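Asks: I'd like to go over a predicted model; first the sequence, then the structure.
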Amino acid sequence: NAGVTQTPKFQVLKTGQSMTLQCAQDMNHEYMSWYRQDPGMGLRLIHYSVGAGITDQGEVPNGYNVSRSTTEDFPLRLLSAAPSQTSVYFCASSYSSGQGEYNEQFFGPGTRLTVL
Amino acid sequence: GENVEQHPSTLSVQEGDSAVIKCTYSDSASNYFPWYKQELGKGPQLIIDIRSNVGEKKDQRIAVTLNKTAKHFSLHITETQPEDSAVYFCAASDQAGTALIFGKGTTLSVSS
């Protein structure tokens, strides 16, 4: 298994540009999520999905869109990039064993995004 | 919502010493508490986790303790080695069990 894969590894954007960060997992996990990591801030949840066709907002959703058309893929879209979105982005997945039961999250290697 | 505080932010120890990192959480409904290790340039990786129905869990040199009454949990690393040097994050599940709330991390440095 490849686990959780993310592309690209690095990206530089200009303010106002749009782009999509790709995330895929081959473990048949129902739950997928996106985090951003900033120095001294830990990991903050942007959006998450508990299954195909279902998404919800996390702690810092503004400026980001997601969709979940398949179990495997969970892309994160920046519609109009801003310097405040400069960060390292991590995708994660886990299997879901029922309401209120949390399980190990597997993280991808990250995408380092710089917005000029 | 859930809030997780983690201390210390940096920790330096000599090889062979023990290291302890502490976290507190605010939501008494939280029931899952993982610890992640992040090496430079990589994604976080789970090293140990504990659920609310257990007070302590051990895996070789790593142990986690949970005090539900006080709402705090700790990571204990014994006989530290240089390869233990990394950033460690604690986390707690939210009430719905759909999200993890992370602490801000502890940078552990083990010198030989």
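Replies: Thanks, I have it.

Asks: C-alpha from now on. contacts and neighbour counts both.
Replies: Fine.

Asks: so which residues on chain A come close to chain B?
Replies: A:40-45, A:48, A:50, A:58, A:90, A:99-102, A:104-110 (Cα under 8 Å from any Cα of the partner chain).

Asks: helix or strand for the residue nearest to A:Cys91 when sequence neighbours are not counted, which one?
Replies: Nearest residue to A:Cys91, sequence neighbours excluded (Cα to Cα, 6 or more residues apart in numbering or on different chains): A:Trp34, at 4.6 Å. Assigned by DSSP states H and E, A:Trp34 belongs to strand A:31-38.

Asks: name the helices or strands packed onto that strand?
Replies: Packing partners of strand A:31-38 (3 or more Cα pairs under 8 Å, 6 or more residues apart in numbering or on different chains; DSSP states H and E): strand A:42-51, strand A:87-94.

Asks: which ones are touching B:Ile77?
Replies: Contact analysis of B:Ile77 by Cα atoms under 8 Å, 6 or more residues apart in numbering or on different chains lists B:18-20, B:61-63.

Asks: tell me, how many residues neighbour residue 14?
Replies: Using chain A here. 13 (other Cα atoms under 10 Å in any protein chain shown).

Asks: you looked at the wrong chain, it should be chain B
Replies: Neighbours of B:Gln14 (other Cα under 10 Å): 15.

Asks: and the residue lying closest to it once chain neighbours are set aside, how far from B:Asp84?
Replies: Nearest residue to B:Gln14 in three dimensions, chain neighbours excluded: B:Ser111, at 5.0 Å (Cα to Cα, 6+ apart). As judged by Cα to Cα, to the nearest Å, B:Ser111 and B:Asp84 stand 10 Å apart.

Asks: point to the helix or strand of chain B where mean pLDDT is at its lowest.
Replies: One helix or strand of chain B scores below all others by mean pLDDT, DSSP states H and E: strand B:100-102, with a mean of 91.

Asks: enumerate every residue touching the residue of chain B most remote from its centre.
Replies: The C-alpha centroid of chain B is most remote from B:Ser112, which lies 22.9 Å away (Cα atoms, centre = their mean). Counting by Cα under 8 Å, 6+ apart, B:Ser112 makes contact with B:14-15, B:81-82.

Asks: do B:Val4 as well
Replies: Shown in contact with B:Val4 (Cα under 8 Å, 6+ apart): B:23-26, B:91-92, B:101-103.

Asks: shaky segments in chain A?
Replies: A:97-100 (pLDDT under 70).

Asks: and with 90 instead?
Replies: Residue ranges of chain A with pLDDT under 90: A:1-2, A:39-42, A:50, A:95-104.

Asks: so which residue is smack in the middle of it?
Replies: Centre-nearest of chain A using Cα atoms, centre = their mean is A:Trp34, 2.5 Å out.

Asks: quick check: that residue touching A:Tyr48?
Replies: Yes - taking contacts as Cα atoms under 8 Å, A:Trp34 lies within contact range of A:Tyr48: 6.3 Å.

Asks: around chain A, which positions in chain B sit nearby?
Replies: Near chain A, when you scan chain B using Cα under 8 Å from any Cα, you find B:32, B:34, B:41-46, B:89, B:93, B:95-105.
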